[in-house]
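Participant: give me a model of this one.
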Amino acid sequence: LFQIINCNVHGGTLLALAGLDSVVLAIDTRFSTHQSGPFLIGQFDRYVFKVGNECIVGCFGLDSDSLALLEYVKGETKNHYNKDLKPQNIARLISNYLYENQPMCTPIVVGLCDNKPYLCSMDGLGAETLSDDYAVIGTASSSLYSICESLFKSNLTSKQLVTIAETAMTLSMQRDVLSGCKVKIYTLNKEGIFLKEIYTDDV
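Facilitator: Purely as a prediction, here's the structure:
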């Protein structure tokens, strides 16, 4: 029998947005638990790693399992050229790993394939959900979905995506005690990967 895997052990939220020729991944740094409620355990960077030249993976859940996933992906891709590491291939690789090992982490895979955005979120068993606009995982998912439905439009530029990510993460953090603190926003486009950090009111 399959076990329902709860990856909300330390809270946290990830948001991915797709634009015209770029993708954005926003991730918070607040660590808390359901037992501690509004009390902050600490502020730490969650695992976000680059695979090849056109793919970023963000992990939500137990950090030790996220690290194990990172090491697995590194081992499986070390003998491949960067041009062969397409985001959909990485997503399938991670999906198989999650199904076989059932770790307490759920990733989002974002990237560019022939300059077209790719977003793929997964649950703890590796079930893939593809999206053409935005993807959300974490404890602030319900509020983020409603905010993104209101703000998101198709064919946005990188700068517009970052602005939406800032607004959406800031508003959603105010409605979730398990997410917040500093938010890191990664932008991936044909020129490379760029990082912007913002501080929310929810500390």
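Participant: quick check: Phe60 vs Pro103, distance?
Facilitator: Distance, Phe60 to Pro103, by Cβ to Cβ, to the nearest Å: 11 Å. (C-beta placed from N, C-alpha, C; glycine too.)
Participant: show me where this structure has its strands.
Facilitator: Taking DSSP state E, the strands of the chain run over residues 13-18, 23-28, 30-31, 42-43, 48-50, 55-61, 105-113, 116-122, 128-131, 134-138, 182-189, 192-199.
Participant: of those, give the one that comes closest to Asp84.
Facilitator: strand 55-61 (11.2 Å; Cβ to Cβ).
Participant: got the angle between the closest one and strand 13-18?
Facilitator: Per axes from the mean of the first three to the mean of the last three Cα atoms, to 10 degrees, the angle that strand 55-61 makes with strand 13-18 is 160 degrees.
Participant: what pairs with strand 55-61, parallel or antiparallel?
Facilitator: strand 48-50 (antiparallel), strand 105-113 (antiparallel) (DSSP bridges).
Participant: of Phe60 and Pro103, which one has the most company?
Facilitator: For Phe60 versus Pro103, neighbours defined as other Cβ atoms under 10 Å are more numerous around Phe60 (26 against 23).
Participant: show me the contacts for Ile137.
Facilitator: Neighbour list for Ile137: 13-14, 60, 106, 108, 121 [criterion: Cβ atoms under 8 Å, 6 or more residues apart in numbering].
Participant: partner residues bridging it?
Facilitator: Leu14.
Participant: which one of the strands paired with strand 55-61 is the most hemmed in?
Facilitator: Stretch with highest mean neighbour count among the strands paired with strand 55-61: strand 105-113 (a mean of 25; mean count of other Cβ atoms under 10 Å).
Participant: tell me the average confidence for it?
Facilitator: Throughout strand 105-113, pLDDT has a mean value of 92.
Participant: returning to that earlier point: wait, which of the strands of the chain is closest to Arg92?
Facilitator: Comparing these under Cβ to Cβ, the one sitting nearest is strand 128-131, at 7.9 Å.
Participant: return the distance of the closest one from the chain's centre.
Facilitator: Distance of strand 128-131 from its chain centroid, counting by Cα atoms, centre = their mean, to the nearest Å, is 13 Å.
Participant: got it, and stretch 122-135?
Facilitator: With Cα atoms, centre = their mean, you get 10 Å for stretch 122-135.
Participant: how long is it end to end?
Facilitator: For stretch 122-135, the separation between the terminal residues is 10 Å (Cα to Cα, to the nearest Å).
Participant: again with stretch 169-182
Facilitator: 10 Å.
Participant: how about that stretch: buried residues?
Facilitator: 169-173, 176-182 (16 or more other Cβ atoms under 10 Å).
Participant: mind listing what the nearest residue to Ile164 once chain neighbours are set aside touches?
Facilitator: Spatial nearest neighbour of Ile164, chain neighbours left out: Leu151 (5.0 Å); criterion: Cβ to Cβ, 6 or more residues apart in numbering. Going by Cβ under 8 Å, 6+ apart, Leu151 touches 164, 167-168.
Participant: show me which of those is closest to Phe39.
Facilitator: Ala168 (25.0 Å).
Participant: separation between that closest one and Cys148?
Facilitator: 6 Å.
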